[in-house]
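Asker: fold the following for me, if possible:
(2 chains)
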Amino acid sequence: EAGVAQSPRYKIIEKRQSVAFWCNPISGHATLYWYQQILGQGPKLLIQFQNNGVVDDSQLPKDRFSAERLKGVDSTLKIQPAKLEDSAVYLCASSLDPGDSYGYTFGSGTRLTVV
Amino acid sequence: GENVEQHPSTLSVQEGDSAVIKCTYSDSASNYFPWYKQELGKGPQLIIDIRSNVGEKKDQRIAVTLNKTAKHFSLHITETQPEDSAVYFCAATLNSGYSTLTFGKGTMLLVSP
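Answerer: All right, here's what the predicted structure looks like:
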């Protein structure tokens, strides 16, 4: 079974620029998550999708972050404009169903550096 | 919401020694407690988990214990090997509905040959 695919692996941008990350979950996984992992900390949930609908975006900084999951498969996370404190690894994860924590699978992440 | 505290933040052991990482959680409703291993440049990978209806679970050199009364759970690694070196995260959740995992801050384990 193919894992969760993410791209790009690395991205370096200047502050105030825009950036987008892409995630392709495991086939058949209805639930998709974006996490932010700041260096030295555990992953923090940004947004959770169930198919193409948003279930939880309470911790997403909506003034600069946006995410979509068209057709309930791939997802993109965008930051516009980026700030220095957005430097982090952005992890995508998927699971078969909501609340199916047993089946969480993470991608390798995108490491963002804002300079 | 759930809050998970994890310690120590770093742990150095000699190859062959045992390592123990401890976590506490705040929400007594949480019922699922996974442990993840994250190697450099990779996403977290599930290594073992425990549900609230059991007190201990073992898988070869790895074991997890859960004390629901005290709201803490621990990861035990015996006969450590250099390849065990990584960052380990504990997490907690109520495994139902739309609940999601809340992670600890991680423990960097260094196993010296």
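Asker: tally of neighbours for residue 75?
Answerer: Reading this off chain A. Other residues near A:Ser75 number 23, with proximity taken as other C-beta atoms under 10 Å in any protein chain shown. Heads up, the C-betas are built off the backbone N, CA and C, glycines and all.
Asker: my question was about chain B, not that one.
Answerer: Neighbour tally, B:Leu75, other C-beta under 10 Å: 25.
Asker: how close does it get to chain A?
Answerer: Separation of B:Leu75 from chain A (C-beta to the nearest C-beta, to the nearest Å): 14 Å.
Asker: which helix or strand contains that residue?
Answerer: In this structure, B:Leu75 sits in strand B:72-77 according to DSSP states H and E.
Asker: following that strand, which helix or strand comes up?
Answerer: Later in the chain than strand B:72-77, the nearest helix or strand by DSSP H and E is strand B:86-92.
Asker: contacting residues around that next one?
Answerer: For strand B:86-92, the external contacting residues (C-beta atoms under 8 Å, 6 or more residues apart in numbering or on different chains) are A:42-43, B:2, B:4, B:6, B:21, B:23, B:25, B:27, B:30, B:32-40, B:44, B:47, B:73, B:75, B:101-104, B:106-109.
Asker: before we move on, what about stretch A:62-79?
Answerer: Contacts to stretch A:62-79, defined as C-beta under 8 Å, 6+ apart, come from residues A:18-25, A:30, A:32, A:34, A:46-47, A:49, A:51-52, A:54, A:57, A:60, A:80-83, A:86, A:90, A:92, A:112.
Asker: filter those down to the buried ones.
Answerer: A:19, A:21, A:23-25, A:30, A:32, A:34, A:46-47, A:49, A:57, A:60, A:82, A:86, A:90, A:92, A:112 (16 or more other C-beta atoms under 10 Å in any protein chain shown).
Asker: and the residue nearest the centre of chain A?
Answerer: Geometric centre of chain A, nearest residue: A:Trp34, 2.9 Å, by C-alpha atoms, centre = their mean.
Asker: distance check, that one against chain B.
Answerer: Distance of A:Trp34 to chain B, given as C-beta to the nearest C-beta: 11 Å.
Asker: for that residue, which non-adjacent residue is closest in space?
Answerer: Once flanking residues are discounted, A:Trp34 sits nearest to A:Leu46: 4.5 Å by C-beta to C-beta, 6 or more residues apart in numbering or on different chains.
Asker: so that neighbour: helix, strand or coil?
Answerer: At A:Leu46 the chain is in strand, as set by DSSP: H, G, I helix; E, B strand; the rest coil.
Asker: isn't it right next to A:Gln59, touching?
Answerer: Yes: contact criterion C-beta atoms under 8 Å: A:Leu46 and A:Gln59 qualify, at 5.9 Å.
Asker: so B:Ser28 lies in a strand, does it not?
Answerer: No: using three-state DSSP, the assignment for B:Ser28 is coil, not a strand.
Asker: chain neighbours aside, what residue packs nearest to it?
Answerer: Leaving aside its chain neighbours, B:Ser28 sits nearest to B:Lys71 (6.6 Å; criterion: C-beta to C-beta, 6+ apart).
Asker: for that neighbour, give me the pLDDT.
Answerer: Listed pLDDT for B:Lys71 reads 95.
Asker: neighbours around it, how many?
Answerer: Residues near B:Lys71, counting by other C-beta under 10 Å, number 16.
Asker: how about B:Pro82?
Answerer: Quick note: B:Pro82 (other C-beta under 10 Å) scores 10 neighbours.
Asker: tell me who's in contact with A:Leu60.
Answerer: Taking C-beta under 8 Å, 6+ apart, we find A:Leu60 in contact with A:46-47, A:67.
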